[in-house]
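Peer 1: From the sequence below, what's the structure:
(2 chains)
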Amino acid sequence: GEDVEQSLFLSVREGDSSVINCTYTDSSSTYLYWYKQEPGAGLQLLTYIFSNMDMKQDQRLTVLLNKKDKHLSLRIADTQTGDSAIYFCAEGGAGNMLTFGGGTRLMVKP
Amino acid sequence: EAQVTQNPRYLITVTGKKLTVTCSQNMNHEYMSWYRQDPGLGLRQIYYSMNVEVTDKGDVPEGYKVSRKEKRNFPLILESPSPNQTSLYFCASRGTQKGGYTFGSGTRLTVV
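Peer 2: So this is what the prediction gives:
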């Protein structure tokens, strides 16, 4: 079945850029998503990219998609302490299914 | 405010005692879904619904039931909870595919 993988943990200093990586296996994915989960909260949709795009930029967030390698990344510029959270990538294929990665915990040190 | 509302937020129960976690959305979304979140496993889909009276199994449906009698509500039912169903549960709904899902705040269930 479909599989989405992320590294478990990333630590950066405040002001640096963070890059969170994700690989997926379902080549029929139509949309790929990044969600943010803060402690004690649900998942908040950060951004998404359509599968025929290579890049999407939204303020401090840049999403890169390498469809050939099935690799997705989320770059956060000028990372702040408020960006500390768990970040999930998810791929959406046909229909209603979203498959999530295991989440990457981002820790931002002051 | 557009939102998905789950209740309760926290629940501790005993093995075998039936329980229902409610989920309601006010966005007129057709798609609704239940996920469970466990450490290291990410989110796994339990059941989903494409519309009223249309439900289907996700990746981990065993031990759960759902119903979709109205568009706005999608309750999750555990007929006979067991300790391995101790988890953090999220309800989500979706309009268009590119909008992704809107998630509820979660229900932390402990079965002892």
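
Peer 1: looking at it, A:Ser11 is touching A:Lys109, isn't it?
Peer 2: Yes - A:Ser11 is within contact range of A:Lys109, at 6.5 Å (criterion: CB atoms under 8 Å). From N, CA and C alone the C-beta is placed, and that goes for glycine too.

Peer 1: The lowest-mean-pLDDT helix or strand in chain A: how far from the chain's middle?
Peer 2: Least confident helix or strand of chain A, by mean pLDDT, DSSP states H and E, is strand A:98-100 with a mean of 85. Computed by CA atoms, centre = their mean, to the nearest Å, the chain-centroid distance of strand A:98-100 equals 12 Å.

Peer 1: cool, stretch A:59-74 as well?
Peer 2: Counting by CA atoms, centre = their mean, stretch A:59-74 comes out at 8 Å from the chain centroid.

Peer 1: Same question for stretch B:32-49.
Peer 2: That offset, for stretch B:32-49, works out to 8 Å (CA atoms, centre = their mean).

Peer 1: Equivalent analysis for stretch A:84-100, please.
Peer 2: Chain-centre distance of stretch A:84-100: 9 Å, with CA atoms, centre = their mean.

Peer 1: likewise stretch B:67-82?
Peer 2: Stretch B:67-82 sits 7 Å away from the centroid of its parent chain (CA atoms, centre = their mean).

Peer 1: For it, measure first residue to last.
Peer 2: Separation of the first and last residues of stretch B:67-82 by CA to CA, to the nearest Å is 20 Å.

Peer 1: Contacts for that stretch, please.
Peer 2: Here stretch B:67-82 makes contact (CB atoms under 8 Å, 6 or more residues apart in numbering or on different chains) with B:13, B:15-26, B:28-30, B:32-34, B:46-47, B:49, B:51-55, B:63-66, B:85, B:89, B:91, B:93, B:109, B:111.

Peer 1: got any ranges where chain B has weak pLDDT?
Peer 2: Within chain B, the segments meeting pLDDT under 70 span B:96-99.

Peer 1: Return the residues of it in contact with chain A.
Peer 2: Contact residues, chain B versus chain A (CB under 8 Å from any CB of the partner chain): B:4, B:31, B:33, B:35, B:40-45, B:48, B:50, B:56, B:58-59, B:90, B:92, B:94, B:97-106.

Peer 1: Please check the residues you listed and keep the buried ones.
Peer 2: B:4, B:31, B:33, B:35, B:42-45, B:48, B:58, B:90, B:92, B:94, B:97, B:100-106 (16 or more other CB atoms under 10 Å in any protein chain shown).

Peer 1: How much space separates the residue nearest the centre of chain B from A:Arg60?
Peer 2: Centroid-nearest residue in chain B, with CA atoms, centre = their mean: B:Trp34, separated by 3.1 Å. Going from B:Trp34 to A:Arg60 by CB to CB, to the nearest Å gives 32 Å.

Peer 1: Relative to chain A, how far out is B:Pro61?
Peer 2: Separation of B:Pro61 from chain A (CB to the nearest CB, to the nearest Å) stands at 13 Å.

Peer 1: ok now do that residue, which residues does it touch?
Peer 2: Contacts for B:Pro61 (CB under 8 Å, 6+ apart) come out as B:46-47.

Peer 1: Which helix or strand contains it?
Peer 2: Under DSSP states H and E, no helix or strand contains B:Pro61.

Peer 1: I'd like to know which elements the helix or strand harbouring A:Trp34 is packed against.
Peer 2: Using DSSP H and E, A:Trp34 maps to strand A:31-37. The contact analysis (3 or more CB pairs under 8 Å, 6 or more residues apart in numbering or on different chains; DSSP states H and E) places strand A:31-37 against strand A:18-24, strand A:43-50, strand A:61-66, strand A:85-92.

Peer 1: With that, I have no additional questions.
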